[in-house]
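Asker: predicted coordinates and the sequence they were generated for:
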Amino acid sequence: MDWKLELVFVPVSDVDRAKDFYVNKVGFNADYDERPSDDLRFVQLTPPGSACSICIGEGLTDAPPGTGSNLQLVVSDITAAHDFLKTNGVDVSDVDVQDWGHFVYFADPDGNKWSVQCIPWRNAGADAAPSPAP
């Protein structure tokens, strides 16, 4: 039996501001935005190529805005990801090269923290060993 993580709730204070950030600055797809009742709004956003989405909205969680778990995206090109985020106005860190991968970090307008990881040797073949970037 497969157990798939497909939706993570991210607590935000302003749904429209957060949706704009994730769609227009980070590049997520806006999959769904519905208000089934006056006290419930469900917005589902998915990173390109991901099987897991995030959910923001109203009436979905009691967690205070900005207290979401540290979330991580994985990309094949950390420089391209960094440049994309920076060009779109995201306050993104410089590339952090670690033995276990290369990272950049950013936060949404409420302070929910994200890391973006690249594992350079992942597609380099079975005999490839982790190595720092040149």
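Answerer: All right, it came through fine.

Asker: name the single longest helix found in this protein.
Answerer: Longest among the helix segments of the chain by residue count, using DSSP state H, is helix 78-87.

Asker: which strands and helices sit next to that helix?
Answerer: Helices and strands touching helix 78-87, by 3 or more C-beta pairs under 8 Å, 6 or more residues apart in numbering; DSSP states H and E, are strand 101-107, strand 113-118. Quick note: C-beta positions are derived from backbone N, CA and C, even for glycine.

Asker: and the angle for it with strand 101-107?
Answerer: Relative orientation of helix 78-87 and strand 101-107, computed by axes from the mean of the first three to the mean of the last three C-alpha atoms, to 10 degrees: 10 degrees.

Asker: hey, where'd the helices end up in this protein?
Answerer: 15-20, 78-87.

Asker: name the residues of the last one that come out as buried.
Answerer: Applying a neighbour-count criterion of 16 or more other C-beta atoms under 10 Å, the buried positions in helix 78-87 are 78, 81-82, 84-85.

Asker: send me stretch 79-86 as CSV with only the CA atoms.
Answerer: The C-alpha trace of stretch 79-86 is given here as CSV (Å, rounded to 0.1, in the frame of the first residue of the first chain):
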residue,chain,number,x,y,z
THR,A,79,21.4,28.5,-9.4
ALA,A,80,18.3,28.6,-11.7
ALA,A,81,16.0,28.3,-8.7
HIS,A,82,17.9,31.1,-6.9
ASP,A,83,17.8,33.4,-9.9
PHE,A,84,14.1,32.7,-10.5
LEU,A,85,13.2,33.6,-7.0
LYS,A,86,15.4,36.7,-6.9
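
Asker: average model confidence for that stretch?
Answerer: Stretch 79-86 carries an average pLDDT of 98.

Asker: residues contacting that stretch, please?
Answerer: Under the criterion C-beta atoms under 8 Å, 6 or more residues apart in numbering, residues 25-27, 73, 75, 92, 94-95, 104, 106, 116, 118 lie in contact with stretch 79-86.
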